[in-house]
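> Next one to model:
(one chain, ligands or ions: 2)
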Amino acid sequence: MITALDHIAIAVPDLEKSIKRFMDDFGLSFDGTEDVIAAKTSTAFFPVPPTNIELVHPLNGDGPIAGYLEKKGGGLHHLCFRSDNIEEDVERLTAKGYQFLGDAPSPGAHGSKVIFIHPKSCDGVLVEINQPADSH
Ligand SMILES: C[C@@H](C(=O)O)C(=O)SCCNC(=O)CCNC(=O)[C@H](O)C(C)(C)COP(=O)(O)OP(=O)(O)OC[C@H]1O[C@@H](n2cnc3c(N)ncnc32)[C@H](O)[C@@H]1OP(=O)(O)O
Ligand SMILES: [Co+2]
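Residues are numbered from 1 along each chain as shown. Ligands and ions are numbered 1, 2, ... in the order given. This is a model prediction of the structure:
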């Protein structure tokens, strides 16, 4: 079951510059960066209760964010719904015809499990579903 809007992600070409923007200009608290190797993505999180902003940047210049930045230069990249049972949600939504990217959840930020729904299945919006580490 989907229980919350876990985060909204913005793809950024210059991670340090954007971290400064969100900390210094917008005054948000900064939860730190994490390189998520399985996702080929560097992340930076800013809690904005009850959700978070996630900045995403290509790790080692490679991966899905690199392709996005090449085409768009940056922008709103995805939203992420939190699930209390990701396998059950994947099964339920697959049965309804949603196209998932990948066969099974993979490691995400903060020890979560994550999977993505293709934007074509959801009005052009890339949707991530995650299950936090403490609820596996
Ligand atoms: C760490 C973790 C976490 O939070 O814990 C994360 O978030 S990792 C965050 C990074 N990981 C991911 O994004 C993984 C899932 N993403 C992917 O697998 C990919 O980015 C795809 C969404 C499949 C797009 O890759 P693909 O090579 O197909 O790119 P493409 O440029 O040819 O795009 C194909 C079509 O999808 C659209 N498209 C591409 N990226 C999009 C996005 N972010 N939002 C909405 N639409 C998007 C393009 O405009 C295009 O539409 P038209 O055909 O109409 O022109
Ligand atoms: Co995300």
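
> Can you tell me which helices and strands the helix or strand harbouring Glu54 packs against?
Secondary structure from DSSP states H and E places Glu54 in strand 51-58. Counting contacts by 3 or more CB pairs under 8 Å, 6 or more residues apart in numbering; DSSP states H and E, strand 51-58 packs against strand 2-11, helix 15-20, strand 41-48, helix 64-72. Glycine gets a C-beta too; all of them are placed from N, C-alpha and C.

> Dump the ones you listed into CSV; add mean neighbour count as well.
Shown next, in CSV, are the helices and strands packed on strand 51-58 (neighbours: other CB atoms under 10 Å):
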stretch, mean neighbour count
strand 2-11, 18
helix 15-20, 14
strand 41-48, 20
helix 64-72, 15
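
> Make TSV out of these and add mean pLDDT and distance to ligand 1.
Below are these laid out as TSV (pLDDT from 0 to 100; distance: least, CB to the nearest ligand atom, whole Å):
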stretch	mean pLDDT	distance to ligand 1
strand 2-11	98	5
helix 15-20	98	13
strand 41-48	98	4
helix 64-72	97	3
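
> any low-confidence regions in the protein?
Filtered on pLDDT under 70, the chain yields the residue ranges 136.

> Would you mind naming what in this protein lies close to ligand 1?
Neighbours of ligand 1 within the chain, by CB under 6 Å from any ligand atom: 9, 36, 39, 41, 43, 54, 56, 64-65, 67-68, 71, 77-78, 80, 101, 108-109, 112, 114, 116, 118-119, 124, 126, 128, 130.

> same thing but at 5 Å, please
Within the chain, the residues that sit near ligand 1 (CB under 5 Å from any ligand atom) are 36, 39, 41, 64, 77, 101, 108-109, 114, 116, 119, 126.

> Out of those, list just those in helices.
Counted as lying in helices by DSSP state H, out of the residues of the chain next to ligand 1, are Pro64.

> If any of the residues of the chain next to ligand 1 are buried, give me the ChimeraX selection for them.
Selection of the buried residues among the residues of the chain next to ligand 1 in ChimeraX, burial being defined by 16 or more other CB atoms under 10 Å:
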select :36,39,41,64,77,108,109,114,116,126
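
> out of the residues of the chain next to ligand 1, who's nearest Ile2?
Lowest distance from Ile2 to these (CB to CB) belongs to Val114, with 13.6 Å.

> That'll do, ta.
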